[in-house]
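S.K.: quick check, what structure comes out for this input:
(one chain, ligands or ions: 1)
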Amino acid sequence: MTELAGADISSVPADLLAAVRAAERIVVFTGAGMSAESGLPTFRDEETGLWSRYDVSRLATPEAWDADPALVWAWYQRRRFQLAAVEPNPGHRAIAALGRHRRVDVVTQNVDDLHERGGSERVVHLHGRLAETFCDTCRLPYPVPAVDPQTEHLEPERCVCGGRIRPGVVWFGEHLPADEFARAVDHAENCDLMLVVGTSGIVYPAAGLPQVAREHGATVAEINPNRTDLSEAADLVWRAPASTALPALLE
Ligand SMILES: CC(C)NC(=O)[C@H](Cc1c[nH]c2ccccc12)NC(=O)[C@H](CCCC/N=C(/NCCC(=O)O)S[C@H]1O[C@H](COP(=O)(O)OP(=O)(O)OC[C@H]2O[C@@H](n3cnc4c(N)ncnc43)[C@H](O)[C@@H]2O)[C@@H](O)[C@H]1O)NC(=O)OCc1ccccc1
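M.R.: Predicted coordinates:
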């Protein structure tokens, strides 16, 4: 792992720029840090992180849904409203621009739609989308209700089959959507360069994708102001925030 010294914003690490320029097929693997500068909280940030304010086991697991669906539903509605109030940042837009001159596939753990709103057309959502809901019994898809939950609890609506309408996200202990995960593995196995942006690399099986790319000969470059569990396995590391680092790669 080469920590690119003096990698201040103004100077794009030459190795990384060379890798981007040489790549014909790039995968951009992202986590919550990608959307942090758009104003969405990350998960593990001590102060602002979602998991430092909410108990994940009471909100993002099938058990939590069975125990208190109104608490879980209200939480996801609040996150939807928060998402509607923010915009893609220059990092999201730079990824879309990168994809104009070669093949770029975005593989994201994020349930927000900021990559698409930033102009990216090829996006794999490993952990689902806030913009989707479906019946927890017959899996019939439903439009997302525009109810702004003023309270801690909001009863989810019912499906014609009697089931409850649940958020279209992957909860802890749930399998990832097989087709999305298979596409992500295929992209990782066939790319020249994987940019790992804004993820702590703790949640599996997603966090195993950079290793898949490396084992198939790709260069793995981490863009993250902080050290992560993936830093050691990265060929190049740029300690920089996404919304300034990614546009600099377009030079
Ligand atoms: C916690 C972890 C140890 N647990 C898991 O990984 C579990 C269990 C597990 C499976 N395999 C394992 C192997 C080992 C250990 C555990 C497991 N995995 C699962 O349950 C998965 C499902 C996981 C998906 C869960 N759903 C999410 N999200 C949707 C919901 C929702 O959003 O509410 S995960 C959610 O958390 C994760 C958060 O991580 P990050 O995105 O990386 O965010 P984080 O805050 O941690 O880090 C932010 C980073 O950004 C950086 N940053 C900050 N600002 C910036 C900036 N400006 N620019 C750049 N970077 C920045 C920071 O420095 C930091 O590094 C994301 O994946 C996100 O999607 N399913 C499953 O394996 O199914 C099969 C199965 C089935 C039954 C039984 C066993 C196995």
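
S.K.: if I've got this straight, residue 124 is in a helix?
M.R.: No: counting by DSSP: H, G, I helix; E, B strand; the rest coil, residue 124 falls outside a helix, being strand.

S.K.: that one pairs with what?
M.R.: Beta-bridge partners of residue 124, counted by DSSP bridges, are residue 107.

S.K.: my read: it touches residue 105, true?
M.R.: Yes: using C-beta atoms under 8 Å as the test, residue 124 is close enough to residue 105 to be in contact (6.8 Å). From N, CA and C alone the C-beta is placed, and that goes for glycine too.

S.K.: anything in contact with each of those two?
M.R.: Common neighbours of residue 124 and residue 105 (criterion: C-beta atoms under 8 Å, 6 or more residues apart in numbering): residue 187.

S.K.: can you pull the residues of this protein lying near the ligand?
M.R.: Within the chain, the positions lying close to the ligand (C-beta under 6 Å from any ligand atom) are 31-33, 36-37, 42-45, 49, 60, 109, 111, 127-128, 169-175, 197-200, 202-206, 224-226, 228, 241-242.

S.K.: let's go with 5 Å and repeat that
M.R.: By C-beta under 5 Å from any ligand atom, the part of the chain that sits against the ligand consists of 31-33, 36-37, 42-44, 60, 109, 111, 127, 169-170, 172-173, 175, 198-200, 203-204, 224, 226, 228, 241-242.

S.K.: which ones among those lie within strands?
M.R.: residue 169 (DSSP state E).

S.K.: now name the helix or strand holding residue 237.
M.R.: strand 236-238 (DSSP states H and E).

S.K.: name every strand pairing with that strand and say which way it goes.
M.R.: When DSSP bridges is applied, strand 236-238 pairs with strand 2-3 (parallel), strand 219-223 (parallel).

S.K.: where do the helices sit along the stretch 151-251 of the chain?
M.R.: 178-189, 209-215, 242-248 (DSSP state H, counting those that start in this stretch).

S.K.: next, the buried residues of the longest one.
M.R.: The neighbour-count criterion (16 or more other C-beta atoms under 10 Å) identifies 180-181, 183-185, 187-188 as the buried residues of helix 178-189.
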